[in-house]
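*Asks:* attaching a predicted model along with its sequence, questions to come.
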Amino acid sequence: MKNKKKIARLRRKKGIRKDIFGTSEKPRLTVFRSAKHIYAQAIDDETGKTLVSLSTLTSEVKKEITYGGNIKAAEVTGKILTKKLQEKGIKKIVFDRNGYLFHGRVKALADQIKLS
């Protein structure tokens, strides 16, 4: 066991994915975070297609942030992602925290989506 935190996250992810399933009306919004960036995408699991994706690396988000690995960047990403989801006509989502604890950047992204 090289990296205990990663192994624990992957174990949590496996358990979460058993229960969470996205459709075209209610897609699964999955989050991935690295040390410097945060990524989010809405996935239709029935067809296996990504409907909307956004990260702190995209030009829309980069304009508004200076660093992609903090809570402010996650909040901005959440706001812009909500606008993109509304443009596609998506009103409800299933939030997949991808094994990460619901805290910090993951929580900030989810809260911004809930507010909008």
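*Replies:* That came in fine, so what should we check first?
*Asks:* who is V31 paired with across the strands?
*Replies:* A40 (DSSP bridges).
*Asks:* who's in contact with it?
*Replies:* I38, Y39, A40, F95, D96, R97, N98, Y100, V106, L109, A110 (Cβ atoms under 8 Å, 6 or more residues apart in numbering). Just so you know, the C-beta spots here come from the backbone N, C-alpha and C atoms, and that holds for glycine as well.
*Asks:* let's go with 7 Å and repeat that
*Replies:* I38, A40, R97, N98, Y100, V106, L109 (Cβ atoms under 7 Å, 6 or more residues apart in numbering).
*Asks:* so how far is K4 from it?
*Replies:* From V31 across to K4, the span is 21 Å (Cβ to Cβ, to the nearest Å).
*Asks:* show me what contacts L109?
*Replies:* L109 neighbours (Cβ under 7 Å, 6+ apart): V31, I38, A40, A74, T77, G78.
*Asks:* closest to K63 among the residues you listed?
*Replies:* Nearest to K63, judged by Cβ to Cβ, of the contacts of L109 is T77 at 12.1 Å.
*Asks:* next, that closest one: phi, psi?
*Replies:* phi -60, psi -40 (degrees, to the nearest 10).
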